[in-house]
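Undergrad: Quick one, what's the 3D model for this:
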Amino acid sequence: MPIKKPTKEQLLLEIEQLQQMLETLRSDKANLEIMLETTTEHADAIESQLLTAREIAEEASRAKSQFLANMSHEIRTPLNGIIGMTSLLLDTPLTSMQQDYVDTIRTSGEVLLALVNDILDFSKIEAGKLDLDNQPIDLRQCVEESLDLLAPTAAQKQINLAYLIANDTPQIVVSDITRLRQVLGNLLSNAVKFTPNSGEVVVSVSAYPLSAEENDPSEKSTNYTEYELHFAVKDTGIGIPADRISTIFQSFSQVDASITRKYGGTGLGLVISQRLSQMMGGQIWVESEVGIGSTFHVTIVTQAGYSERYAHLTRKHPHLLNKRLLISSPNKTNCMLLRQQTKRWGMKSQIATTLLEVFGALRQNPQWDVIIVEMSSPGNQDLILLEKMTKFQKKRLPLILLVPIYPIQQSQPNIVACLSKPIKPIKLYEVLTELFTSPAHTTPLPPSVETNPSLPPIGLKSNSLKILLAEDNLVNQKVALLLLKKLGHEVVDVVSNGLEVLTALQHHLYDIIFMDIQMPEMDGLTTTRQIVQEYSDKQRPWIIAMTANAMQGDREICLAAGMDDYLSKPIREKELAHALLQYYSHKDISNR
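TA: The predicted structure is shown next:
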């Protein structure tokens, strides 16, 4: 059937319709172009507003950082005088009342410094400017040092401190030791604060491998594998109400925020700990029951290595094998830890929770090799009773006393050592090894009390060093001079600005310059750069920053200017001694 052709009228009508559609499209196109132009102008305006807002926010952030830096410097400067002078004052003859007053002043200064550090750390974390310095660290040492910081406070409240590290936990881990200690310190501080007198705080550490080691096991000392470390800080404190648990990790939050609250603090410690644990790949949470206590759990992800340093703490030893140990402690945790640890070494132990049980054990079996007795008070009544119990033994029975941080006044010849709490397996092993490997271990050893190493170290005291102190604050001058004098450096030249430093260098040769940063006329950074430019490495002195600038990056700024070391105020005797040792180490290497 032939196709019917359209008529002329139909074609004209179709053309007219197409023209109408074309006009509509042209109109739509024009409208769209107008809309696009309007939208572009609006977007440009929004972008401009965003850029302006960003610049304002960045300026506000810079102003805030500068304000915090200035406030940190201004607060740390007088704190350096308060903490430094009270530390020196405590080393002078004082009455008991005077010592109590000075201790109070120093403790208050330390609390204020801790608050300043918390606020600065929180500000750094909020600004995203806190970086981790991951290095291989000794995990056991890190835990023990964290506990040692709280030992004096715990002893005053008669709180038992203890820790337990699981056998399969790596000894060396890669982490930021300063921040890890900060997290543990915050949790331990809260645990001790909220635990009533005669309570208990226990730290347990365990590890869970996240990846198997693919390398040769014989290369464990250098190869690392990934672990999740789990720290649990358990206390017998007041506990946290269920409706308050969700708020304790909020900034500036307190479990008790009323004006009648009993416990102080900024409420930043747990927030900082949470952020730090997250930065280290872990998390933090709490389990608590009012009136029973709390357990704070923290995890971090770390690489782990192997070390032989503590291998002897997990195996049997011939000189300790089958040695009979009597453990006397009213604390079940300490008994468990002592029994568990000495069993690893091959010893046979029995627990007596009271001195009456000790007496019964001595009557039933007089063949004990050593007794470990926990002293619960600084008095001598228990020691007198122990002496009466043991004097009828055929051989003099060695006694190891487990004591708080205060020394036990004793004259009994069979006391071979006093070990402070928390129990440190490595110290206990050293005492037992000395006892049972001596030629005549039945003869009592000289009493030894575990103490902190004295400062300064051997060889540190020397008047041969020529030292220049650049410091414009008179109180800080006095503190630094007295600390240096205590370390054996009595002759120190003092100037108050950078221009005087350069003038002094023209007339004298110095080994060390302790350089403040903020000084009038010429600051420490400018002075250091000029010294580096004018003197060769062999000619110029060793420059140590001694500054109240303690914000993120301040250390790097000082080192970039040419300084060799950095000390933040308040200056501590131990840190000052370490800085001097660093100079001696550098000098030894340079002279080789």
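
Undergrad: And the strands in the stretch 451-592 of the chain?
TA: Assigned strands in the stretch 451-592 of the chain, in chain order: 467-470, 492-495, 512-515, 542-547, 565-568 (criterion: DSSP state E, counting those that start in this stretch).

Undergrad: Out of those strands, the one nearest residue 351 is which?
TA: strand 565-568 (47.3 Å; CB to CB). In this view, the C-beta of every residue, glycine as well, is placed from N, C-alpha and C.

Undergrad: Now do that closest one: which elements does it pack against?
TA: Counting contacts by 3 or more CB pairs under 8 Å, 6 or more residues apart in numbering; DSSP states H and E, strand 565-568 is packed against strand 542-547, helix 554-560, helix 573-590.

Undergrad: Tell me the strands beside that strand, with direction?
TA: Applying DSSP bridges to the sheet, strand 565-568 is found paired with strand 542-547 (parallel).

Undergrad: which stretches of the stretch 251-400 of the chain aren't confidently modelled?
TA: For the stretch 251-400 of the chain, applying pLDDT under 70 flags the ranges 251-267, 306-307, 376-395.

Undergrad: re the thing from before, can I get the helices and strands packed on strand 565-568 in a markdown table with mean neighbour count and mean pLDDT?
TA: A markdown table is the format used below for the helices and strands packed on strand 565-568 (neighbours: other CB atoms under 10 Å; pLDDT from 0 to 100):
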| stretch | mean neighbour count | mean pLDDT |
| --- | --- | --- |
| strand 542-547 | 25 | 90 |
| helix 554-560 | 17 | 85 |
| helix 573-590 | 15 | 78 |
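
Undergrad: Looking at the ones you listed, spot the one closest to residue 350.
TA: Per CB to CB, nearest to residue 350 of these: helix 573-590, 41.3 Å.

Undergrad: need the longest strand for the chain.
TA: As assigned by DSSP state E, the longest strand anywhere in the chain is strand 293-305.

Undergrad: I'd like the next helix or strand past it.
TA: strand 324-328 (DSSP states H and E).

Undergrad: Contacts for that next one, please.
TA: With CB atoms under 8 Å, 6 or more residues apart in numbering as the test, strand 324-328 has contacts from 335, 338-339, 342, 347-355, 357-358, 361-362, 365, 367-374.

Undergrad: now, which of those lie within strands?
TA: Under the assignment DSSP E, the contacts of strand 324-328 contribute 348-352, 370-374 to strands.

Undergrad: residue boundaries of the helices in the stretch 51-200 of the chain?
TA: Along the stretch 51-200 of the chain, the stretches classed as helices by DSSP state H, counting those that start in this stretch are 96-127, 139-156, 177-193.

Undergrad: returning to that earlier point: so which of the helices and strands packed on strand 565-568 gets nearest residue 487?
TA: In terms of CB to CB, the element of these nearest to residue 487 is helix 573-590, at 5.9 Å.

Undergrad: to the chain's geometric centre, what's the distance from that closest one?
TA: Centroid displacement of helix 573-590 relative to its chain, using CA atoms, centre = their mean, to the nearest Å, is 22 Å.

Undergrad: In terms of secondary structure, what does it contact?
TA: Looks like helix 573-590 contacts helix 474-486, strand 542-547, strand 565-568 (3+ CB pairs under 8 Å, 6+ apart).

Undergrad: Rounded mean pLDDT for the shortest one, please.
TA: What it means is strand 565-568. For strand 565-568, the mean pLDDT works out to 88.

Undergrad: ok, now the first one?
TA: Mean pLDDT, computed over helix 474-486, is 86.

Undergrad: Please put the alpha-carbon coordinates of that helix into CSV.
TA: As requested, the backbone C-alpha atoms of helix 474-486 are provided in CSV (Å, rounded to 0.1, in the frame of the first residue of the first chain):
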residue,chain,number,x,y,z
LEU,A,474,67.0,37.3,89.0
VAL,A,475,65.1,34.5,90.7
ASN,A,476,65.9,32.1,87.9
GLN,A,477,69.5,33.2,88.0
LYS,A,478,69.6,32.3,91.6
VAL,A,479,67.9,28.9,91.1
ALA,A,480,70.2,27.9,88.3
LEU,A,481,73.4,29.0,90.2
LEU,A,482,72.4,27.0,93.3
LEU,A,483,71.5,23.9,91.3
LEU,A,484,74.8,24.1,89.4
LYS,A,485,76.7,24.7,92.7
LYS,A,486,75.0,21.6,94.1
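
Undergrad: Quick one: the strands of the stretch 451-592 of the chain as JSON lines, columns for distance to residue 174 too.
TA: Below are these laid out as JSON lines (distance: least, CB to CB, whole Å):
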{"stretch": "strand 467-470", "distance to residue 174": "37"}
{"stretch": "strand 492-495", "distance to residue 174": "40"}
{"stretch": "strand 512-515", "distance to residue 174": "33"}
{"stretch": "strand 542-547", "distance to residue 174": "28"}
{"stretch": "strand 565-568", "distance to residue 174": "23"}
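
Undergrad: Looking at those strands, spot the one closest to residue 130.
TA: strand 565-568 (15.6 Å).

Undergrad: Name the residues that touch that closest one?
TA: Strand 565-568 is contacted by residues 76, 514, 542-550, 554-555, 558-559, 575-576, 579, 582-583 when judged by CB under 8 Å, 6+ apart.

Undergrad: For residue 511, give me its contacts.
TA: Counting by CB under 8 Å, 6+ apart, residue 511 touches 465-467, 541-542, 583.

Undergrad: Need the max-distance pair from these.
TA: Top of the distance list for the contacts of residue 511 (CB to CB): 466 and 583, 11.8 Å.

Undergrad: Now for those two: what residues contact both?
TA: Common neighbours of residue 466 and residue 583 (CB under 8 Å, 6+ apart) are 511-512.

Undergrad: contacting residues around stretch 167-176?
TA: So stretch 167-176 is in contact with 132-140, 205-207, 224, 227, 229, 280, 300, 302-307, 309-310, 314, going by CB under 8 Å, 6+ apart.

Undergrad: do you know how far the spatially most central residue of the chain is from residue 147?
TA: In the chain, the centroid-proximal residue (CA atoms, centre = their mean) is residue 181; its distance is 2.8 Å. Using CB to CB, to the nearest Å, residue 181 is found at 10 Å from residue 147.

Undergrad: Show me the shaky parts of the stretch 51-200 of the chain.
TA: 58, 61-73, 127-129.

Undergrad: Near residue 291, how many residues? Count them for me, please.
TA: Residues near residue 291, counting by other CB atoms under 10 Å, number 8.

Undergrad: gap between it and residue 332?
TA: For residue 291 relative to residue 332 (CB to CB), the value is 19 Å.

Undergrad: re the thing from before, the longest strand of the chain pairs with which strands, and in what direction?
TA: With DSSP bridges as the test, strand 293-305 pairs up with strand 172-175 (antiparallel), strand 225-235 (antiparallel), strand 284-289 (antiparallel).

Undergrad: So which of those is nearest residue 397?
TA: Of all those, strand 225-235 sits nearest to residue 397, with 34.5 Å by CB to CB.

Undergrad: buried residues in the closest one?
TA: Within strand 225-235, the residues scored as buried using 16 or more other CB atoms under 10 Å are 225, 227, 229-235.

Undergrad: Can you convert those residues into a markdown table and add a column each for pLDDT and distance to residue 175?
TA: Formatted as a markdown table, the buried residues of strand 225-235 follow (pLDDT from 0 to 100; distance: CB to CB, whole Å):
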| residue | pLDDT | distance to residue 175 |
| --- | --- | --- |
| 225 | 81 | 14 |
| 227 | 91 | 11 |
| 229 | 95 | 8 |
| 230 | 96 | 14 |
| 231 | 96 | 12 |
| 232 | 96 | 17 |
| 233 | 95 | 17 |
| 234 | 95 | 22 |
| 235 | 95 | 24 |
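
Undergrad: Let's have the residues you listed in a markdown table, adding distance to residue 122.
TA: What follows is the buried residues of strand 225-235, written out as a markdown table (distance: CB to CB, whole Å):
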| residue | distance to residue 122 |
| --- | --- |
| 225 | 33 |
| 227 | 28 |
| 229 | 24 |
| 230 | 25 |
| 231 | 21 |
| 232 | 25 |
| 233 | 21 |
| 234 | 26 |
| 235 | 24 |
